[in-house]
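Engineer: Show me how the following folds:
(chains A and B)
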Amino acid sequence: MWLMAFSAGAFANDYSQLSRSEKLRAAYLFNFTKFIQWPASSDRFARSSITICLSASDAFFEFMSELVADRQVGHRKIPVVVTDFSAQARCDMVYVQHDNFANSADLEEVLLVAATPTILPDQATITFYEDQKRLRFEVDMREITRLELNISSELLKLARIKTP
Amino acid sequence: MKILAKWYGRMSFFKKQLLVATVVTSITLVLASTLLYGKFIGDHKKSLLDNLQGKAELIAETSRSALLFGDMETATTIINSLKAFPNTQFGLILDTDGAVFAQYRRDNISEDLNLGGLQQGSHLSSEQVYVYRPIDMDGEVIGYFIIAADTRVLADQRVNYLLILLAVFIVSIGVSFFLHWRLQSFIAAPMNKLVKLVGYVARNRRYHKRVVATGNDELGTLINGVNSMLDTIEEHENQLHSHSERLESLVALRTEQLFNRANYDALTQLPNRHLLVDRLNHGIDNASRENSQMALMFLDLDRFKVVNDNLGHQVGDDLLVHVAQKLTGVVRKADSVCRWGGDEFVILLEHLHSKEDIVPLAEQIIFTLSESIELSGNQLHISTSIGIARYPEDGRDANTLLKNADVAMYQAKEKGLSQYCFFESDMIDGSLERLTLEHKLRLALENKSFHLVYQPQICTETGNVCGIEALIRWQDDELGLLNPVQFLPVAEDVGLMHSLSLWVLEEACQQNALWQAQGSTRTRVAVNLPASFIMHPNAVGQIVAILEKTGLSPKCLELEITENTFISNTEHAIKVLEQLRQMGINIAVDDFGTGYSSMSYLRDLPVGTLKIDGSFVRQMGSDSINDGIIQSIITLGKSLGLSLIAECVENKEQATQLKAMGCDMIQGYYFSRPLSVDKTTDFLLEKRKSA
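Structural biologist: As a prediction, the model looks like this:
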């Protein structure tokens, strides 16, 4: 698995300060873009890239940036861009790493991925969790529906579906 | 191989055809089956691969996310779906490093899968089929999937296909054989008929049967051709048959004709000599067995030769036919009348009791044949001499009986006309005498033992010699001096007359030429020639040759011929005599008044002299009718410008009377007997002196 490339020195920088779990989250985030389709009615349909906004550490940000560099997703080969989260940023996906995320109101119309179940539990579309030392994720289908996202069954079968 | 060839050779054409069709069908089916089998197996292999590829694709697609997200459990769950396919040996999801991410193994598959030998792609071998393909996501290989299955199904399928094809093959062969066998009969029917026809023709050699052609194909053409051939053969056969029948008829006819010719006389249709002898032998056997008597009558027609020579062969033949009919009418049905030859007949009388049974028949025959016969405007009177020999008294075999009957016949002839005579043993001598005479005659001719005597002919007016008649005489050492009456008929019978006549002619001419050379009075020598000599094709040539040879002038030769010379073949006789007269030879008619001649010929005949027969002269003075005849002859001759000569004048009274009647010449004992050469020479010289 290309995750192993993490430890094989596939990255230019040393991301030893990032835990394996964080690296996995980064990889998952990138992989999520492969299995999710954003609604066509929005101006995002004609997007030329998928933007992942991060509310995370710098190291995570760099790691993520390097991870997605020169990669494309989808049959249209859309590049994935990583950026810091800000209220003005146009985000397709927001990753929140810490609990103390301040601008939760800005996250209502965007796919929110919470690093842990404690982060934005009511708003997160996808929430990471660990189960027997294995990284899993939970998908809130209501949010998916509300956000008019199209999520592949391939992803869903790996996910835990959040029950109301 | 030889056995096979022999067996094949003994098969009928239709069985061969059936066999060939079956073999061809089999070969075709085998080829088709092979191709189909190959196709089936190929398709099945492809299907197997496609199926495996399909599974690989499905699992690869469905396990992408599990692979991406490292979800081994999900990946394993997905790959374990292969359990539903018993022939799947294993399935492996590998990561990009080739490590196994998730796997499925069938229970009997070992853990050591030995993946080193596997190559990407679809592969099929005899034991295993596998697909090794990458798992990609958005153009990026994220792992690999390997799925392998065993080919047991393929093997099973092969067997199934083979069984199916075998079944199809057998059924097809069976159906093909059956249909061919049944349908063949439609085609074979006319062919069989043709074969039967040919067989029939070959066995029976009869060509009347035909086969009807039912189509216009090659078989129809063959049948029509055979029919046409048979038409031709039948026609030829019929022609041959007709020809053969005609030939057979002809052969039968010819055989019958040959038989008839061999056994029957062509002229009279009586049994001939050959059949007579046969019947005679048969009669002798019967008589011997039955102890009965039989007799042989040998008949000879008197003076037949005269008729034949003078009236012609046609009249002679008609006479013989008439005689044959008469004889057949006289005898009993059981008796056989046969023509022996010439003018001789033989009658075979069987089942007799005594000699007296024969006499009435002999007399009846003589009487019947003595009746006048009219033929070709001629009234003919013939008679017969019959010699009779009896079995067993006069002979016990055919030759003896014939010989003795013949001898008896000659004896009857000597007795006179119309006589019959039973054979007596002393007759043999007479017969022998005749045979001796014949023999001596031949020898005399060869040795020129004859000599001529000459009787002068005197002119009544002048008393001079106006001619000399040459007469033949024969002095035999044993028989003595023979009269011409004795040997001339025999000479005639045995065919020596012509040679004798030539000798007399040459001798007389030679003698006359010698007399003239000696200075005797130039006079004619008269030579008697038979009618047969005149009728000879080279008569004129032979006479001319003799005159030339002897140097005698034709005017010094006179030929005396009888009246009867002119009766038959008058035209030819006239022609010959005219030629001779033209040369200067005088023609005298001898024995005038006694023949069968018609007076009208005298007008046209190239004759110069008539010789009154001696029989008239001898009776002169005693019979006025006789004298009247003589006078008539003289008058007739005179009126025709002919000279007249009377023969057999023996006294002065006859000479005087004849002179008075106007006869020109006289010949007879009154003046001179026939003289030898020397005496004739003297006579002529003396006459010349006194003349």
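Engineer: show me what contacts B:Arg396?
Structural biologist: B:Ile284 (Cβ atoms under 8 Å, 6 or more residues apart in numbering or on different chains). In short, each C-beta sits where N, CA and C put it, glycine included.
Engineer: And the pLDDT at it?
Structural biologist: Reading off the confidence values, B:Arg396 has pLDDT 88.
Engineer: Distance-wise, check B:Ala60 relative to chain A.
Structural biologist: Remark: distance between B:Ala60 and chain A (Cβ to the nearest Cβ, to the nearest Å) = 12 Å.
Engineer: Run a quick check on that residue versus B:Phe145, I expect a contact.
Structural biologist: Yes - under the criterion of Cβ atoms under 8 Å, B:Ala60 makes contact with B:Phe145 at 4.5 Å.
Engineer: give me the low-pLDDT residue ranges for chain B?
Structural biologist: Within chain B, the segments meeting pLDDT under 70 span B:113, B:429-431, B:564-570, B:595-601, B:691.
Engineer: hey, which helix is longest across it?
Structural biologist: helix B:152-204 (DSSP state H).
Engineer: which helices and strands sit right next to that helix?
Structural biologist: helix B:13-62, helix B:218-263 (3 or more Cβ pairs under 8 Å, 6 or more residues apart in numbering or on different chains; DSSP states H and E).
Engineer: Excluding covalently adjacent residues, which one is nearest to whichever residue of chain B sits closest to chain A?
Structural biologist: Of all residues in chain B, B:Ser65 sits closest to chain A, at 3.8 Å by Cβ to the nearest Cβ. Excluding the flanking residues, the one nearest B:Ser65 by Cβ to Cβ, 6 or more residues apart in numbering or on different chains is A:Glu154, at 3.8 Å.
Engineer: helix, strand or coil for that neighbour?
Structural biologist: helix (DSSP: H, G, I helix; E, B strand; the rest coil).
Engineer: tell me the contacts of it?
Structural biologist: A:35, B:62, B:64-65.
Engineer: So which of those residues sit within helices?
Structural biologist: Going by DSSP H, the helices hold A:35, B:62, B:64-65 from the contacts of A:Glu154.
Engineer: tell me the two of these that are most distant?
Structural biologist: A:Phe35 and B:Thr62 (12.9 Å; Cβ to Cβ).
Engineer: Quick check: buried residues in stretch B:490-507?
Structural biologist: B:490-492, B:496-498, B:500-507 (16 or more other Cβ atoms under 10 Å in any protein chain shown).
Engineer: got the CA positions of that stretch in CSV?
Structural biologist: The C-alpha coordinates for stretch B:490-507 follow below in CSV (Å, rounded to 0.1, in the frame of the first residue of the first chain):
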residue,chain,number,x,y,z
VAL,B,490,-19.8,-100.8,-133.3
ALA,B,491,-17.4,-98.0,-134.4
GLU,B,492,-20.4,-95.6,-134.1
ASP,B,493,-21.2,-97.0,-130.6
VAL,B,494,-17.7,-96.6,-129.3
GLY,B,495,-17.1,-93.2,-130.8
LEU,B,496,-14.6,-94.2,-133.4
MET,B,497,-16.6,-93.2,-136.4
HIS,B,498,-15.2,-89.7,-136.8
SER,B,499,-11.6,-90.9,-136.8
LEU,B,500,-12.5,-93.7,-139.1
SER,B,501,-14.2,-91.3,-141.5
LEU,B,502,-11.2,-89.0,-141.5
TRP,B,503,-9.0,-92.0,-142.4
VAL,B,504,-11.3,-93.1,-145.2
LEU,B,505,-11.4,-89.5,-146.6
GLU,B,506,-7.7,-89.0,-146.5
GLU,B,507,-7.1,-92.5,-148.0
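Engineer: Show me what that stretch is in contact with.
Structural biologist: B:305, B:434, B:437-438, B:441-442, B:445, B:448, B:450, B:452, B:470, B:472, B:488, B:527-530, B:532-533, B:536, B:542-543, B:546, B:549-550.
Engineer: before we move on, the earlier item: mutual contacts of B:Ala60 and B:Phe145, please.
Structural biologist: Common contacts of B:Ala60 and B:Phe145 (Cβ under 8 Å, 6+ apart): B:133-135.
Engineer: Closest one to B:Leu605 out of those, please.
Structural biologist: Nearest to B:Leu605 among these, with distances taken as Cβ to Cβ, is B:Arg133, at 155.7 Å.
Engineer: who does the helix or strand hosting that closest one pair up with?
Structural biologist: If you go by DSSP states H and E, B:Arg133 is part of strand B:128-137. Strand pairing for strand B:128-137, using DSSP bridges, gives strand B:121-124 (antiparallel), strand B:140-150 (antiparallel).
Engineer: what's the angle between that strand and helix B:152-204?
Structural biologist: Interaxial angle, strand B:128-137 versus helix B:152-204 (axes from the mean of the first three to the mean of the last three Cα atoms, to 10 degrees): 130 degrees.
Engineer: quick one: strand B:128-137 to helix B:13-62, angle?
Structural biologist: Using the same axes, to 10 degrees: strand B:128-137 against helix B:13-62 is 30 degrees.
Engineer: Show residues contacting strand B:128-137.
Structural biologist: A:34, B:45, B:48-49, B:52-53, B:55-57, B:60, B:63-64, B:67-68, B:89, B:93, B:118-123, B:141-151, B:154.
Engineer: Name the residues of chain B found near chain A, please.
Structural biologist: Applying Cβ under 8 Å from any Cβ of the partner chain, we find that chain B lies next to chain A at B:62, B:64-71, B:74, B:95-97, B:101, B:137-139, B:142-143.
Engineer: Turn the buried ones among the residues you listed into a named PyMOL selection, would you?
Structural biologist: A single PyMOL command selects the buried members of the residues of chain B next to chain A (16+ other Cβ under 10 Å):
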select buried, chain B and resi 62+64+65+66+67+68+69+70+71+74+95+96+101+137+138+142+143
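Engineer: Centre-most residue in chain A?
Structural biologist: A:Leu29 (3.2 Å; Cα atoms, centre = their mean).
Engineer: Enumerate every residue touching it.
Structural biologist: A:52, A:64, A:93, A:95, A:113.
Engineer: Please enumerate the helices of the stretch 451-600 of chain B.
Structural biologist: Assigned by DSSP state H, counting those that start in this stretch, the stretch 451-600 of chain B shows helices spanning B:484-493, B:497-518, B:531-534, B:539-550, B:570-583.
Engineer: Would you reformat the ones you listed as CSV and include distance to B:Ser228?
Structural biologist: As requested, the helices of the stretch 451-600 of chain B are arranged in CSV below (distance: least, Cβ to Cβ, whole Å):
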stretch, distance to B:Ser228
helix B:484-493, 73
helix B:497-518, 72
helix B:531-534, 71
helix B:539-550, 71
helix B:570-583, 66
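Engineer: most tightly surrounded among those helices?
Structural biologist: Using mean count of other Cβ atoms under 10 Å in any protein chain shown, the stretch among the helices of the stretch 451-600 of chain B with the largest mean neighbour count is helix B:531-534, at a mean of 20.
Engineer: And the lowest-mean-pLDDT helix or strand in chain A, how far out from the chain middle?
Structural biologist: Least confident helix or strand of chain A, by mean pLDDT, DSSP states H and E, is strand A:72-73 with a mean of 85. When distances are taken as Cα atoms, centre = their mean, to the nearest Å, strand A:72-73 is centred 14 Å away from the chain's centroid.
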